[in-house]
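Undergrad: what's the 3D shape of this:
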Amino acid sequence: MSSLRDSLPLIWPALILSVKITIVTSGCLLVIGLGLGIFLAKKQFPGKILISTVLSLPLALPPVIVGYFLLLGLGRSSPLQSWLGIDLLFTWQAAAIAATVVALPLMVESTRAAIENVDPELEMAARTLGSTEIGLLWQVTIPLAYRGILAGFGLSVARGLGEFGATLMIAGNIPGRTQTMPLAIYHAVQTQQYTLANIMVLIMTILAFLVLWWVRFLESHHPQSRGKTTSHPKREHR
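TA: A predicted model of the protein is given here:
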């Protein structure tokens, strides 16, 4: 208990910052990831495969490379700084951007796949009953794709919570300012504070478990998981 009490002043700032960044990242993932996923699922246009591939690149690239691209995009020669005078490097906002970019492909791809799997005959039936496209989206398509969207959201939030490499590149590792829990764990191991590292690893593991458990809990309590699915039977065999 004394070790935990002694470690709390070192852990608390990093934990608060990680939670803060995760909340902001979650909002960005919901808005951007959900929007892009719906757009890619519903629209056909030239270059769709190229855009989809570019959006998925953070999944395949090492986070350090993603961070380097973000460094170019947010650095001194970028339009954001040279034209608008906005300097986000080495701030917690930069860490939130890094977490969002790295986690975004999981949200986009899960949403796209879930939306594409919705039976178009059900959507057509809603249209014949007078539903507008916006109403159709919110009252039919998204509820039917709920489980896939939720799974993608949970995985992307957990991925953002544990982001390390890209965050280190554009936000640095400044205690009390940009040092998140993964960065604090790295620092504790580097300085051989293994007790502190063990406590933070345990906290991160519990947080990640709770996020994923919450997603599974919501999935299991959704009507579709209780045998009330309205998806077309033929699509379930794909």
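Undergrad: for the residue nearest in space to the middle of the chain, give me its contacts.
TA: In the chain, the centroid-proximal residue (Cα atoms, centre = their mean) is Ser156; its distance is 3.2 Å. Counting by Cβ atoms under 8 Å, 6 or more residues apart in numbering, Ser156 makes contact with 29, 33, 103-104, 106-107, 110. Every residue, glycine included, has its C-beta placed from N, CA and C.
Undergrad: tell me the one among these nearest to Lys43.
TA: Closest to Lys43 out of the contacts of Ser156 is Gly33 (15.9 Å), distances taken as Cβ to Cβ.
Undergrad: what number of residues lie near the closest one?
TA: Using other Cβ atoms under 10 Å, Gly33 has 27 other residues around it.
Undergrad: once you drop chain neighbours, what's closest to it?
TA: Of all residues not flanking Gly33 in the chain, Met107 sits nearest, at 3.0 Å (Cβ to Cβ, 6 or more residues apart in numbering).
Undergrad: then Tyr194?
TA: Spatially, and ignoring its direct neighbours in sequence, Tyr194 is nearest to Ala188 (7.4 Å; Cβ to Cβ, 6+ apart).
Undergrad: now swap in Val24 and tell me
TA: Closest to Val24 by Cβ to Cβ, 6+ apart is Ala96, at 4.5 Å.
Undergrad: same for the strand or helix carrying that neighbour, what does it pack against?
TA: Under the criterion of DSSP states H and E, Ala96 resides in helix 92-116. Using 3 or more Cβ pairs under 8 Å, 6 or more residues apart in numbering; DSSP states H and E, the elements in contact with helix 92-116 are helix 2-28, helix 34-42, helix 48-60, helix 63-74, helix 146-161, helix 165-171.
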